[in-house]
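S.K.: I would like to see how this sequence folds:
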Amino acid sequence: MQNTTYDFGLVGLGVMGRNFILNVADHDYTAFGYDLDPEKVSALIKEGGDKARVNASGDISSFVTSLSLPRKIMLLVPAGKIVDAVIESLLPYLSPDDIIIDGGNSFFTDTDRREAYLQSKGIHFFGAGVSGGAEGARKGPSIMPGGSRAAYKEVQPIFEAVAAKFNNEPCVAYMGPKSAGNYVKMVHNGIEYGLMQLTSEFYDLLQKGGQLNNNELHKVYTEWNKGDLQSFLVEISAKIFEKKDNLGQGQLVDKILDKAKQKGTGKWTSQNAMDIGIPIPTIDIAVSMREISALKQERVLASKKYERRTIDLEKKQILIEKAEKAMFFAFIITYAQGMHQLREASREYGYELRLASIAKIWRAGCIIRASLLEDIAKAFEEDKDLANLLLAPSFVLKIQDSVGAARELVAYAAENGIPMPGLFNSLSYFDAYTSERLPLNLVQAQRDYFGSHTYERTDREGIFHTDWS
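M.R.: Prediction:
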C-alpha cells in the first residue's frame, strides 16, 4: 500500500483527463490518475515527469489508497452507464466523507440519482461542468460545480487554481445544490449549438451573397473578433478559413463533409426547455440543422428536384456590415434564451442559480466565451430579478441598433433561398416576445371548439366554454 500523499485523483486519462490532471499538478497540488488502459497510464507518467507530483496506475486499489483523506476523485469519462460502473468500482475502497466529482456531460437527473445513492453510503457526490475542450483543460477551463456546498469547499482551492482567469477572477463558482452544475453546463452547450449554427450561417451568406473567398472570410471574421462579436467561436472560425489542406490543394474547410455530429447536450437543452415551458427556438433549430445535415444523400437528391433562382449578389462591404450587426443581434437572442431557461430551471428545480455569476465564469476558458458576457453579467447584477435579457435597458439599445440589419438579411436570405434558420428563428422569437398581442386567441378558440378545452377572456375574469356549433 502506498502512502496517502496525493491531493487529487482523476479517473479517465484520455486527452481531457490527462490535460486536467497536469493542470492540477502545475498549480502545486499533487495528483494521481487512474485508467484501465496501460498506454494512457504510461503517457501521463511520462508527461508528468516527477512521480511525486503526478503519478498514475491501472490498479484501482493503488489509485484510491494513494489519495489523502477526504479523497477527492474526479471522473472524466463518457456520460451514461460508464459513470455508474466507475462509481461501483470505486465504492469498495472509499471511506466516509470521500468525494466523487463527475466532470463529464451527464444528464442532470442522473446526477440527482447518483448523489442520493452515494449519500446513503456516506460518500459525497457532485457534478461539475467543465468547458474549454482539451486546451482549456490544460491551460484553464470554465468550471460549473453544483451539489453539496460542503463537499465543494474541500475542492474549491484546487478548482480555483486550475480554472481560467478573467481579470484575475477564477472562472469557477458554486452553482447551487443538487445537479445545478450539470444543468448549467447543459444549457451552456445549448447556447454553444446556437452560436455555432449562426457563425456557419453567416459564412454561407457571405460566400453566396457576396462571393467572398476563404481569405476574405478570414479577414472579415478576424475584424469581427476585434469588435462587438469578439468571441472564441468567431476567433477560431477566422483561423479555420486560412488553414491549408495538407492532403490536397486549397483550404481544408472546403474539403470537410457538411454533416455535423452531436453528443446529445443540445438535444437535452431543447427537450428540457419544452418540459419547463421556456422558448429557445434559436437553440432548437441549431439541433435540428445538425439532424438535417445528416440527411446528406436526401439533400443531394432534393437539390436536383427543385430549381434555385440565381442569387442576387450584394456589394461585399455592405453585406459584411449588415452581417456583423445581424450576427450580433442573433448572438444576443441566443444568450437571452439560454439565460431565460436557466432562470426558470432555478425555480423549477430549486437550484438557486445566480445568473450574473454564471455569465462571469463564462467570460474565459469556455467555448461560448465572448466580450458580450461582461455586459450580460452587469445586466443581471443591476437587476437580480431580470426576467429576460431583452428587458435590460443596456440590451434594448443594442437590439435597437442591430435588429434592422437582421430584418434586411432575413428578407434577403428568404428571397434568394439561402438557409439561415438560426437568424430567422432569432428574429421571430424577438418579434413574438415583444408583441403585446399574439394571434393565439384563435388557437384557444380552436381548442375549445374541437376539445372543449375552455378559454379565458380579455374583458372579464373566469374560465369559459362555448358551444361553437
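
S.K.: now for I123, how many residues are close by?
M.R.: By other CB atoms under 10 Å, the residues close to I123 number 24. C-beta coordinates here come from the backbone N, C-alpha and C atoms, glycine included.

S.K.: quick one: it and G80, what's the gap?
M.R.: From I123 across to G80, the span is 20 Å (CB to CB, to the nearest Å).

S.K.: and the pLDDT for the nearest residue to T109 once chain neighbours are set aside?
M.R.: When the adjacent residues along the chain are set aside, T109 lies closest to S179, with 7.0 Å between them (CB to CB, 6 or more residues apart in numbering). As predicted, S179 sits at a pLDDT of 96.

S.K.: ditto for the one 3 residues further on
M.R.: Predicted confidence (pLDDT) at N182: the value is 96.

S.K.: which residues touch L195?
M.R.: When the contact criterion is CB atoms under 8 Å, 6 or more residues apart in numbering, the partners of L195 are 231, 233, 331, 334, 368.

S.K.: what's the burial count for the first one?
M.R.: This points to S231. S231: 21 neighbours (other CB under 10 Å).

S.K.: check contacts around the closest residue to it other than its chain neighbours.
M.R.: In space, and not counting its chain neighbours, S231 is closest to A370: 3.4 Å by CB to CB, 6+ apart. Shown in contact with A370 (CB under 8 Å, 6+ apart): 229-233, 331.

S.K.: make TSV out of these and add pLDDT.
M.R.: TSV is the format used below for the contacts of A370 (pLDDT from 0 to 100):
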residue	pLDDT
L229	98
Q230	98
S231	97
F232	96
L233	97
F331	98
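
S.K.: got the domain boundaries for this structure?
M.R.: 8-178, 185-433, 438-469 (automatic domain parsing).

S.K.: roughly how far is the second one from the heart of the chain?
M.R.: Average the C-alpha atoms of domain 185-433, do the same for its chain, and the two points are 12 Å apart (CA atoms, centre = their mean, to the nearest Å).

S.K.: now do the same end-to-end measure for that domain.
M.R.: 25 Å (CA to CA, to the nearest Å).

S.K.: for stretch 437-455, buried residues please.
M.R.: Buried positions in stretch 437-455, judged by neighbour count with 16 or more other CB atoms under 10 Å: 448, 455.

S.K.: against which helices or strands is the longest helix anywhere in the chain packed?
M.R.: As assigned by DSSP state H, the longest helix anywhere in the chain is helix 316-349. Packing partners of helix 316-349 (3 or more CB pairs under 8 Å, 6 or more residues apart in numbering; DSSP states H and E): helix 180-210, helix 214-224, helix 265-276, helix 281-293, helix 355-361, helix 372-382, helix 393-416, helix 421-433.

S.K.: does M74 count as helix, strand or coil?
M.R.: State at M74, reduced to three classes by DSSP: H, G, I helix; E, B strand; the rest coil: strand.

S.K.: counting neighbours, what do you get for E235?
M.R.: For E235, using other CB under 10 Å, the count is 18.

S.K.: so it, which state does it fall into?
M.R.: Assignment for E235 (three-state DSSP): helix.

S.K.: that one touches N225, doesn't it?
M.R.: Yes. Here E235 reaches N225: they are 4.9 Å apart, a contact under CB atoms under 8 Å.

S.K.: next SSE downstream of the helix or strand hosting V155?
M.R.: Mapping V155 onto the secondary structure by DSSP states H and E places it in helix 149-162. Following helix 149-162 in sequence order, the next helix or strand is strand 165-166 (DSSP H and E).

S.K.: for stretch 377-388, what is the average pLDDT?
M.R.: 96.

S.K.: any buried residues in that stretch, and which?
M.R.: Residues of stretch 377-388 classed as buried: 377, 379-380, 386 (neighbour count, 16+ other CB under 10 Å).

S.K.: same question, stretch 400-409
M.R.: For stretch 400-409, by 16+ other CB under 10 Å, it's 402-403, 405-409.

S.K.: which residues touch T434?
M.R.: Neighbouring residues of T434 by CB under 8 Å, 6+ apart: L390.

S.K.: number of nearby residues for G49?
M.R.: Using other CB under 10 Å, the number of residues around G49 comes to 11.

S.K.: list the contacts of it.
M.R.: Contacts of G49 by CB under 8 Å, 6+ apart: none found.

S.K.: got phi/psi on it?
M.R.: Taking degrees, to the nearest 10, you get phi 80, psi -60 for the backbone angles of G49.

S.K.: may I ask which of the contacts of A370 has the most neighbours?
M.R.: F331 (27 neighbours).

S.K.: that residue contacts L233, doesn't it?
M.R.: No. The pair F331 / L233 is not scored as a contact, 9.4 Å apart, by CB under 8 Å.

S.K.: any regions of this structure where pLDDT drops low?
M.R.: 1-4 (pLDDT under 70).

S.K.: about what we covered before: want to throw the contacts of A370 into CSV with distance to I73?
M.R.: Below are the contacts of A370 laid out as CSV (distance: CB to CB, whole Å):
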residue, distance to I73
L229, 40
Q230, 37
S231, 34
F232, 30
L233, 33
F331, 38
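
S.K.: between the residues you listed, which sits nearest V300?
M.R.: For those, the minimum distance to V300 (CB to CB) is 28.0 Å, reached by L233.

S.K.: many thanks, have a good one.
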